[in-house]
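Peer 1: Kindly return the folded structure for what I paste below:
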Amino acid sequence: MLELRGLSLRYGAQSVLRDVDLRLRPGERLGLIGPSGAGKSSLLRLAAGLARPSAGVLRNDFRHAVLMFQEPRLLPWRHALDNVALPLRAAGHAPARARALAAQWLGRVGLDAAMQSWPGELSGGMAQRVALARALAPGPDLLMLDEPFSALDPALRRQLAACCREELARSGAALLCISHDPEELLGLVDRCVLVRQGEVIPIEPDATGALSAARLRALLLEAGAAP
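Peer 2: Numbers count the residues shown, from 1 in each chain. Predicted coordinates:
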């Protein structure tokens, strides 16, 4: 389980997150929405252990958490195949097995022909797909995605979202996902929170027990997100 209790984050005089309470159990899928600069990415960095809270308690019992940044952050001195194979090698797979699994994942994201390409030779969308394959390949029990499809065209967004859904259904992994696209987000998560000016506010379902994309869009506009 991932649990945040009374968590705050400051950078000098700037308050980024304030008194955040959040809980994510194994297999749960939580979406984060909010305007740019609200603290969503900082929240993922805290959950991933890449930043230390200024106050509060952070508990992460997941054994293998993976964060996919909004920027692909591929290693420029490794081919696409080796970028995806790297976490598989770290997980204990032999080199040949790691490369075989990496090739399978690059095929799943439609990059069969780019396996030996250097990151500098890839378009922004292609690099983002390599980063997604790298995040999914080692089979994390907690997957954290920061705008994972932002550089893709609509058809590829649908294809990659379906790939994520299939893998989450197969693995039972928990998910934390940031997206500015309500329809896309609701296709991946069970519930959502609104991050606004450093505060995390649960979004309750409507009378039917569901969340709608229209409601999420309205909340985003109220919070100051660009239409």
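Peer 1: what about Leu219, helix or strand, and which?
Peer 2: According to DSSP states H and E, Leu219 maps onto helix 213-222.
Peer 1: Show me what that helix is packed up against.
Peer 2: With contacts defined as 3 or more C-beta pairs under 8 Å, 6 or more residues apart in numbering; DSSP states H and E, helix 213-222 has these neighbours: strand 29-33, helix 182-186, strand 191-196. All C-beta atoms are positioned from the backbone trio N, CA, C, and that covers glycine.
Peer 1: Report the mean confidence score over the longest one.
Peer 2: pLDDT averaged over strand 191-196 equals 94, rounded to a whole number.
Peer 1: Check which element follows that strand along the chain.
Peer 2: Secondary structure here is assigned by DSSP H and E; on that basis, the next helix or strand after strand 191-196 toward the C-terminus is strand 199-202.
Peer 1: who touches that next one?
Peer 2: Counting by C-beta atoms under 8 Å, 6 or more residues apart in numbering, strand 199-202 makes contact with Leu17, Arg18, Asp19, Val20, Asp21, Leu22, Leu43, Arg191, Val193, Leu194, Val195, all of which sit outside it.
Peer 1: try stretch 88-99
Peer 2: His64, Leu81, Asp82, Ala85, Leu86, Leu101, Ala102, Ala137, Pro138.
Peer 1: ok, 7 Å please
Peer 2: Contacts of stretch 88-99 from elsewhere in the structure, counted by C-beta atoms under 7 Å, 6 or more residues apart in numbering, are Leu81, Ala85, Leu101, Ala102, Ala137, Pro138.
Peer 1: one step back: kindly compare burial across the helices and strands packed on helix 213-222 and name the winner.
Peer 2: For these, the stretch with the most neighbours on average is strand 29-33, a mean of 23; neighbours defined as mean count of other C-beta atoms under 10 Å.
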